[in-house]
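Participant: Mind folding the following:
(2 chains)
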2 protein chains.
Amino acid sequence: MYKVTVLVNRRRSILDPQGKAVELGAKQLGLTDVINVRVDKKITFQINTEDEAVARKEAEQLADKLLANPITEDFEVSLEKIV
Amino acid sequence: MYKVTVLVNRRRSILDPQGKAVELGAKQLGLTDVINVRVDKKITFQINTEDEAVARKEAEQLADKLLANPITEDFEVSLEKIV
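Facilitator: Numbers count the residues shown, from 1 in each chain, chains lettered A, B, ... in the order given. As a prediction, the model looks like this:
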């Protein structure tokens, strides 16, 4: 069994409206020194296999086809064996 | 200046519909051994202060009041000084 974490990050060159909304909210709370807010996704799951190569391939396939938008987002996959 | 990362995690006891949707999508891609999917948020920002105590207080205030839903979500804050 592998535990997988996929971080899906909006490309830094692309405006992040959710981040902008948080920045505005921070200002309204009086936190005026909060800047450059980015809101990204962290997806965690388990893959029920003992083969690390299979786990990595499946995790990357899932990230590429389902989790990240190839136009606007990048992703990084990390695996950890669970015993 | 401090770089702050806030991880906002849905409580594990609470059903995660986004995670369930990813699990279903994985099955449709033929990835039937993907289980226990959770979709969480990772928010990163900078706080323009040199005082670590101020940075931590502001980051926790922002997480508590704006980023996490106190009913369904927990958060963890980590800080890193940027030079």
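Participant: can you list the residues of chain A near chain B?
Facilitator: Proximity of chain A to chain B (CB under 8 Å from any CB of the partner chain) is limited to residues A:7, A:19, A:22-23, A:25-26, A:29, A:31, A:33-49, A:58, A:61-62, A:65-67. Quick note: C-beta positions are derived from backbone N, CA and C, even for glycine.
Participant: out of those residues, which are buried?
Facilitator: For the residues of chain A next to chain B, a neighbour count by 16 or more other CB atoms under 10 Å in any protein chain shown gives the buried set as A:7, A:19, A:22-23, A:25-26, A:31, A:34, A:37-43, A:45-47, A:58, A:62, A:66-67.
Participant: Just the ones in helices from the residues you listed, please.
Facilitator: Using DSSP state H, A:Gly19, A:Val22, A:Glu23, A:Gly25, A:Ala26, A:Glu58, A:Leu62 are the members of those that sit in helices.
Participant: Let's see the pLDDT reported for the fifth one.
Facilitator: A:Ala26 carries a pLDDT score of 96 in this model.
Participant: doesn't A:Val34 make contact with it?
Facilitator: Yes. If you go by CB atoms under 8 Å, A:Ala26 and A:Val34 touch, sitting 4.0 Å apart.
Participant: Which neighbours do the two have in common?
Facilitator: Common contact partners of A:Ala26 and A:Val34 (CB atoms under 8 Å, 6 or more residues apart in numbering or on different chains): B:Leu62.
Participant: how near is the residue of chain A positioned farthest from its centre to B:Val34?
Facilitator: Distance from the C-alpha centroid of chain A peaks at A:Gly30, with 28.6 Å (CA atoms, centre = their mean). Distance of A:Gly30 to B:Val34, given as CB to CB, to the nearest Å: 43 Å.
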